[in-house]
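Trainee: here is a sequence with its predicted model. Questions after.
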Amino acid sequence: MNSMLILIYATIAITLFFDFLNGFHDAANAIATVVSTRVLRPLQAVIWSASFNFVAFFIFGLHVAATIGTGIVSVEVVNTVFILATLISAIIWNLLTWYYGIPSSSSHALIGAMIGAAVVKAGFGKLVWSGIIKTVVSIFLSPILGLILGTIFMFISTRVFFHKSPQRVDSIFRRIQLVTSALLSVGHGGNDAQKSMGIIALLLFTGNLIGPSFHIPLWVVISCYSAMALGTLFGGFRIVKTMGMKITKLNPVGGSAAELSGSMTLMLATGLGIPVSTTHTITGAIIGVGALQRLSAVRWGVARQIVIAWVVTIPATAILAAIIHKIILSLNIA
C-alpha cells in the first residue's frame, strides 16, 4: 500500500473520529430535555438516543451528504491536506466548546473549516456560494422555526390539558416525551451523520477510489451512523446542564414540545438537503417553550452567550483551518 493510500485511510479514520465527537458533543442536545425533566436517567437517555440515531439510516436519503460533498466548495480543491485541515479545525473547536459547556454547532464548525481551507488553498472563487448561503440562512431560520413550533406545541398542550391535574399531565407527558426524544434523536442522526459521509465520499472521489461519479458507498453510510451512535452513547454531559437546566426550567410538557418541534425542523431540513444545526434548533425550541410560560422564565444572558457562540463558530473555524492548512503544507506530510 502506497503512502497516499495510507494517508487517505488515516484521514477517513479521523473523519469517523469527528463523527464520534459530533455524536458525543451533540448527545447533549438530543438528551438534555429528557434528562432535565427526569423522564430518563442520563445513562438510559444516551442509550435511547444512540439507538434512534442509527434508526435514521433506514429512513432518510443522502441529500445532506451530497450538499456537504459537492455544495460547499468546488471538488477540484479537495485533497487530503484540505480534508485534514478541515477536520482538525472542527475537532479542536468541538473539544473547546465541549470543555467550556458551550452548545455550539458541530455542523457549522465543519462547514466553516471547509470554507477556510478552500480559501487559503485556492481563493474565494472555489466556494460554492449557493450551498454556503443556504447553510448560513439555516443558521437563522432553524432556531426561529424551532422557537415558533415549540411555542405552538406548548400552547396547544396547555390548552388541551388545561382542566387536568398537574400530576395527571405530568404522568401523560412523561410517556409522550419518550416518543418525542426518540424522534429528536432520529432527526439528529439523519442530518448530522451525513456531514461526515459527504467528507469521506469527497475524499474517496478525489482519490479516484469510488469510480467516475460522486456517490456515497454503503460502507461509508454504515460507518458514519455507527460512529455517531457510539459517540452519543458516551454522551456530552457538560452541555446537558446548559441545554436542559440553564436556559429555562423544563417539565415533561415543555420537554415534549421542545423535542417535537426540534425533530420536525431537523427532519424537514434533512429532506431538503440542508445541513442545519441540532444545537440551534433545540435551543430555539427550548427558548420558545420557556418564553410562552413567561419571558422571565428564560435566562436571556445564557441564551445570548449561546447565540454569540453560533455567530463566532464559522469564522473561527475558517481561520483555524486556514492556519492548519499552511502548517500541514510546511510539514510536507501530504
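Mentor: It's in. The structure displayed is predicted, hence computed values, not measured ones.
Trainee: put the alpha carbons of the helix or strand encompassing residue 283 into CSV.
Mentor: Using DSSP states H and E, residue 283 falls within helix 278-293. C-alpha atoms of helix 278-293 as CSV (Å, rounded to 0.1, in the frame of the first residue of the first chain):
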residue,chain,number,x,y,z
THR,A,278,-29.3,20.3,16.1
THR,A,279,-27.9,22.7,18.7
HIS,A,280,-29.5,25.8,17.1
THR,A,281,-32.8,24.0,16.6
ILE,A,282,-33.4,22.6,20.0
THR,A,283,-32.1,25.7,21.7
GLY,A,284,-34.7,27.8,19.8
ALA,A,285,-37.4,25.4,20.8
ILE,A,286,-36.4,25.4,24.5
ILE,A,287,-36.5,29.3,24.4
GLY,A,288,-39.9,29.2,22.8
VAL,A,289,-41.3,26.9,25.4
GLY,A,290,-39.9,28.9,28.2
ALA,A,291,-41.0,32.3,26.8
LEU,A,292,-44.6,31.1,26.5
GLN,A,293,-44.7,30.5,30.2
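Trainee: could I get the buried residue list for the helix or strand just after that helix?
Mentor: Note on helix 278-293: by DSSP H and E, the next helix or strand toward the C-terminus is helix 300-331. Buried residues in helix 300-331, counting neighbours by 16 or more other Cβ atoms under 10 Å, are found at 302-303, 306, 309-310, 312-314, 316-322, 324-325, 328. Any C-beta I mention is one placed from the backbone N, CA and C, and that applies to glycine too.
Trainee: and stretch 262-278, by the same measure?
Mentor: Applying 16+ other Cβ under 10 Å to stretch 262-278 flags 262-267, 269-270, 273-278 as buried.
Trainee: quick one: contacts of that stretch?
Mentor: Outside of stretch 262-278, the residues within contact range by Cβ atoms under 8 Å, 6 or more residues apart in numbering are 26, 29-30, 60-61, 63-64, 66-68, 71, 105-108, 111, 134-135, 138-139, 142, 145-146, 149-150, 180, 183-184, 186-188, 190-192, 194-195, 281-282, 285, 310.
Trainee: stretch 206-214 now?
Mentor: 4-5, 8, 66, 69-70, 75, 78-80, 201-202, 204-205, 217.
Trainee: I'm done for today, thanks for sticking with me.
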